[in-house]
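Q: Build the 3D model from these lines:
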Amino acid sequence: MLPNALMNVSRRSLLRGSAKLALAGAAVHLLQPMSALAQSSAVADLVLETVTGPITGADVEKAMAHEHLYVDFHGPNDPKYMDVDWQSAIGASIAAAQELRGQGVNLIIEWTNIGVGRNVLLLRDVARKTGVNIVCPTGIYKSLVPPAMAEMSVTQMADHFIGELTRGVDGTSIRSGFIKIATTEDGATETDRKIHRAAGIAAKETGATVALHSPHSATTEGVVGTLLEEGFKLDRFVWGHSQPSGHDAHLAMVERGATVQFDAIGARSDPFFEGPTDDASMLDRVENIVANGFPNQVILSADASVFVNPAVWQYDRDATYVYRYFEAKLIERLGAENAQRVLRDNVIRAFRRGDKV
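A: You can find the predicted model right below:
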């Protein structure tokens, strides 16, 4: 039996102590990770729903966990929404995907959802012409509800999300692979909460992942509360843009089963959330989760947007930075096996197709 002094020590405190001992040795042996082959085998049979059909984890070489090819910030109620030179948009997207393919990447998790320019035909065209598999989301960005969905009830909206996950998007046979939602930095609006409730219902019905755009832990907790009220389980939750929040918030989330994502890898600055972007800070955040016993619950990406409408809102990100520079630093810090978990295996695990689809 433990001494009384230890009875009140939290699991997190014990993990931190263990982590410090582990880190005192060689970083490449953190937590005695499985071999690369064994880890890959653990996700080999998982299915991902891409815009060109289902694939398995065994099909994935390298992955990008949070990227955008086309994004439209006008919003669906603006006449300028989706009014662009599509030949240029597709050409730029193909060129960007080809560059990643040249680095060995053949899986992109596309985070552009309803309300900010999701175009599944563009995504399918890019996938077919580059050999890069693309997983696209259903769900609505913040409160940017298209006019055709404005009068939907929560149940009707959930049915719409379910239909896109199980039947197809916009009259096509292209199916979404997960649900992406968002909230403002000040907290969810009434419309946001309606969307979040619908997402929770759809995720419970299909077993799909819910990925959230939310940089701050307090607002994230509010969204999580809404999802939990609808019976959603956090083992299918991805907290995107989490880097502006602190280490304790990240650990608290992974302890509940969620996956934490750090993006803006390689960016010079973060004008949106004012979070860290330097490699040292990002490496510290990843290591905090891995060393505390949750190596399967952290992912990262660049969050670059290739073609933005309007062009004046194009922001400076380089998706190729992750594998050109950051991968080597991650291997040096955590070892090759843990780096593969973070960059590839955890992405497959986090964005696998809904268990009930």
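Q: How about the contacts made by Trp86?
A: Leu122 (CB atoms under 8 Å, 6 or more residues apart in numbering). Glycine gets a C-beta too; all of them are placed from N, C-alpha and C.
Q: sorry, that was for Thr50
A: Counted by CB under 8 Å, 6+ apart, Thr50 has contacts 107, 127, 133-135, 177.
Q: Throw those into CSV and include pLDDT and secondary structure, thanks.
A: Listed next are these as CSV, based on pLDDT from 0 to 100; DSSP: H, G, I helix; E, B strand; the rest coil:
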residue, pLDDT, secondary structure
Leu107, 99, strand
Ala127, 98, helix
Asn133, 99, strand
Ile134, 99, strand
Val135, 99, strand
Gly177, 98, coil
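Q: farthest pair in these?
A: Ala127 and Gly177 (12.3 Å; CB to CB).
Q: circling back: separate out the buried members of the contacts of Thr50.
A: 107, 127, 133-135, 177 (16 or more other CB atoms under 10 Å).
Q: For Val308, state which of those residues is nearest.
A: Set against Val308, the nearest of those by CB to CB is Ile134 (17.8 Å).
Q: isn't that closest one right next to Trp111, touching?
A: No: using CB atoms under 8 Å, Ile134 makes no contact with Trp111, being 11.0 Å away.
Q: okay, His29: pLDDT?
A: pLDDT for His29: 40.
Q: of the contacts of Thr50, closest to Thr226?
A: Proximity of these to Thr226 (CB to CB) peaks at Gly177, which lies at 22.1 Å.
Q: what sits up against stretch 140-160?
A: With CB under 8 Å, 6+ apart, stretch 140-160 has contacts from 75-77, 113-116, 138, 180-184, 189, 191-192, 194-195, 197-199, 201-202, 205, 213.
Q: do that again at 7 Å, thanks
A: 75-77, 113-116, 181-184, 189, 191-192, 194-195, 197-198, 201-202 (CB atoms under 7 Å, 6 or more residues apart in numbering).
Q: again, but for stretch 175-186
A: Stretch 175-186 has contacts (CB under 7 Å, 6+ apart) with 48-50, 111, 113, 135-142, 161, 164-166, 168-169, 192, 195-196, 199, 202-203, 208-216, 219, 223, 351, 353.
Q: again, 6 Å this time
A: 48-49, 111, 113, 135-139, 141-142, 161, 164-165, 168, 192, 195-196, 199, 203, 208-214, 219, 223, 351 (CB atoms under 6 Å, 6 or more residues apart in numbering).
Q: Now do the buried residues in it.
A: For stretch 175-186, by 16+ other CB under 10 Å, it's 175-183.
Q: next one: phi and psi at Leu144?
A: Leu144 adopts backbone torsions of phi -80, psi 70, taken as degrees, to the nearest 10.
Q: my bad, Ile108
A: Per-residue torsions, Ile108: phi -120, psi 130 (degrees, to the nearest 10).
Q: Ala150 too?
A: Per-residue torsions, Ala150: phi -60, psi -30 (degrees, to the nearest 10).
Q: What about the contacts of stretch 140-160, which are in helices?
A: 191-192, 194-195, 197-198, 201-202 (DSSP state H).
Q: Which of the residues you listed sits closest to Glu61?
A: Nearest to Glu61 among the ones in helices among the contacts of stretch 140-160: Ala202, at 30.4 Å, using CB to CB.
Q: which residues sit in contact with that closest one?
A: 158, 161-162.
Q: Considering those residues, which is situated nearest to Phe273?
A: Closest approach to Phe273 among those (CB to CB): Phe161, at 25.9 Å.
Q: I'd assumed Asn113 was in contact with that closest one.
A: No: between Phe161 and Asn113 there is no contact under CB atoms under 6 Å: 10.0 Å.
Q: Leu48 looks like it's in a strand, true?
A: Yes: membership of Leu48 in a strand is supported by DSSP: H, G, I helix; E, B strand; the rest coil.
Q: In contact with it, which residues?
A: Counted by CB under 6 Å, 6+ apart, Leu48 has contacts 55, 135, 177, 352-353.
Q: And for Ala150, the neighbour number?
A: Neighbour count for Ala150, taken as other CB atoms under 10 Å: 10.
Q: tell me what the longest strand belonging to the chain is packed against?
A: What stands out as the longest strand in the chain, according to DSSP state E, is strand 62-72. Other helices and strands packing on strand 62-72, by 3 or more CB pairs under 6 Å, 6 or more residues apart in numbering; DSSP states H and E, are strand 105-110, strand 305-309.
Q: And the longest one, what does it pack against?
A: With contacts defined as 3+ CB pairs under 6 Å, 6+ apart, strand 105-110 has these neighbours: strand 62-72, strand 133-135.
Q: among those strands, which is nearest Tyr325?
A: strand 62-72 (14.3 Å).
Q: Toward the C-terminus from that closest one, list the very next helix or strand.
A: Next along the chain after strand 62-72, taking DSSP states H and E as the criterion, comes helix 86-102.
Q: pretty sure Val84 contacts Phe307?
A: No: contact criterion CB under 6 Å: Val84 and Phe307 do not qualify, at 7.6 Å.
Q: So for these two, which residue has more residues nearby?
A: Counted by other CB under 10 Å, Val84 and Phe307 do not tie: Phe307 has more neighbours, with 23 against 19.
Q: Tell me, how many residues neighbour the spatially closest residue to Arg317 that is not a sequence neighbour?
A: Excluding its sequence neighbours, the residue lying closest to Arg317 (CB to CB, 6 or more residues apart in numbering) is Ala304, at 3.5 Å. Ala304 sits with 25 neighbouring residues when counted by other CB under 10 Å.
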